[in-house]
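[1] the following block contains a protein sequence and its predicted model.
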Amino acid sequence: MITIRPAGERGHANHGWLDTHHTFSFADYHDPKHMGFRTLRVLNEDRVQPGQGFGAHSHQDMEIVTYVLEGALQHRDSLGNGSIIRPGEVQRMSAGTGVVHSEFNPSRTEPVRFLQIWILPARNGGPPGYEQKRFETEMRRGELQLMASPDGAGGSLTIHQDARIFSAILDPKQRVRHELAKGRHAWVQIANGMIELNGRALSAGDGAAAGDERRLELAGREPAELLVFDLA
């Protein structure tokens with residue numbers, strides 16, 4: 001079964017410096033029908049204006065993955081990490097017992113657009129941790145590239161949950177397939193463009209939950225970028 005979450009039905013808030021859409025309940029947006037999907041708890045699409053950002057704030061017991069689509073995002077945290085995240089780079093921060101971080105748009109002229117993803121950890125109270133890696137466009141063009149996994153397979157980021165995150169860039173008529181093992185579920189999120197998922201059209205901002213499906217067939221209808229979450 002494929003259940004579509006249309007982009008226009010997401011929660012939305014515009015704070016001036018931040019324009020944000022929430023696929024699942026987050027902050028002041030609460031919808032009991034959309035509290036997450038399996039261990040995927042938060043999937044926000046954020047646009048932050050030049051010179052603006054999220055000041056220092058704390059998290060606990062969450063796997064936080066940041067996926068930049070446009071612009072650049074500056075990260076700093078209480079673990080001593082400082083970096084700039086650009087398109088093609090993915091960051092994983094395990095909050096564990098507690099971490100303080102800030103996210104800032106260092107550009108004076110260009111906004112930054114990114115997906116912020118929270119996944120519930122398998123166990124609470126673990127040590128905080130941080131990783132950042134680059135996944136080149138050609139690695140993802142016409143292919144599902146593994147970006148995060150429980151064991152860091154294939155050079156992916158390591159997340160502390162039985163979950164895998166893939167990314168693909170599809171040209172029109174390009175196709176990729178993802179097999180789901182028995183008992184697994186998937187969430188597909190369209191970052192840019194338009195695709196078909198098992199014959200159903202999805203556009204930028206749309207998401208789709210897949211349950212009781214053995215195979216995901218993804219076909220580009222126009223140039224597209226997407227994420228696939230394979231979840232227990």
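    Yep, it's here.

[2] give the full set of residues in contact with the residue in the chain sticking out farthest from the centre.
    Note on the chain: the largest C-alpha distance from the chain mean falls to Arg108, namely 25.4 Å (C-alpha atoms, centre = their mean). Residues counted as contacts of Arg108 (C-beta atoms under 8 Å, 6 or more residues apart in numbering) are Pro50, Gly51. (C-beta placed from N, C-alpha, C; glycine too.)

[3] doesn't it belong to a strand?
    No - under DSSP: H, G, I helix; E, B strand; the rest coil, Arg108 sits outside any strand and is assigned coil.

[4] distance of it from Glu70?
    Look at Arg108 and Glu70: by C-beta to C-beta, to the nearest Å, they are 16 Å apart.

[5] is the nearest residue to Leu170 once chain neighbours are set aside bridged to anything, and to what?
    Distance criterion C-beta to C-beta, 6 or more residues apart in numbering; nearest residue to Leu170, sequence neighbours excluded, is Gly220 at 3.3 Å. Beta-bridge partners recorded for Gly220 (DSSP bridges): Ile195.

[6] can you report how many residues neighbour Gly220?
    22 (other C-beta atoms under 10 Å).

[7] in the sheet, who's paired with Tyr67?
    Applying DSSP bridges, one finds that Tyr67 bridges with Val90, Leu115.

[8] so it sits against Leu115, correct?
    Yes - if you go by C-beta atoms under 8 Å, Tyr67 and Leu115 touch, sitting 4.4 Å apart.

[9] give me the phi and psi for Gly36.
    Backbone torsions for Gly36, taken as degrees, to the nearest 10, come to phi 130, psi -180.

[10] thinking again about what came up before, now the residue farthest from the centre of the chain. Its backbone dihedrals?
    Torsion angles, degrees, to the nearest 10, at Arg108: phi -90, psi -10.

[11] work out for me the element the residue nearest to Leu226 when sequence neighbours are not counted sits within.
    Leaving out its chain neighbours, the residue that sits closest to Leu226 by C-beta to C-beta, 6+ apart is Ile190, at 5.2 Å. Assessed by DSSP states H and E, Ile190 sits inside strand 185-197.

[12] tell me which helix or strand comes right after the worst-scoring helix or strand of the chain on mean pLDDT.
    Across the helices and strands of the chain, mean pLDDT, DSSP states H and E gives its lowest value to helix 137-140, namely a mean of 93. Reading on from helix 137-140 to the C-terminus, the next helix or strand found by DSSP H and E is strand 145-149.

[13] what helices or strands is that following strand leaning on?
    strand 89-94, strand 157-158, strand 163-170 (3 or more C-beta pairs under 8 Å, 6 or more residues apart in numbering; DSSP states H and E).

[14] put together a markdown table for those, with mean pLDDT, mean neighbour count and distance to Val228 on each row.
    A markdown table is the format used below for those (pLDDT from 0 to 100; neighbours: other C-beta atoms under 10 Å; distance: least, C-beta to C-beta, whole Å):
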| stretch | mean pLDDT | mean neighbour count | distance to Val228 |
| --- | --- | --- | --- |
| strand 89-94 | 97 | 22 | 14 |
| strand 157-158 | 98 | 18 | 15 |
| strand 163-170 | 98 | 24 | 4 |
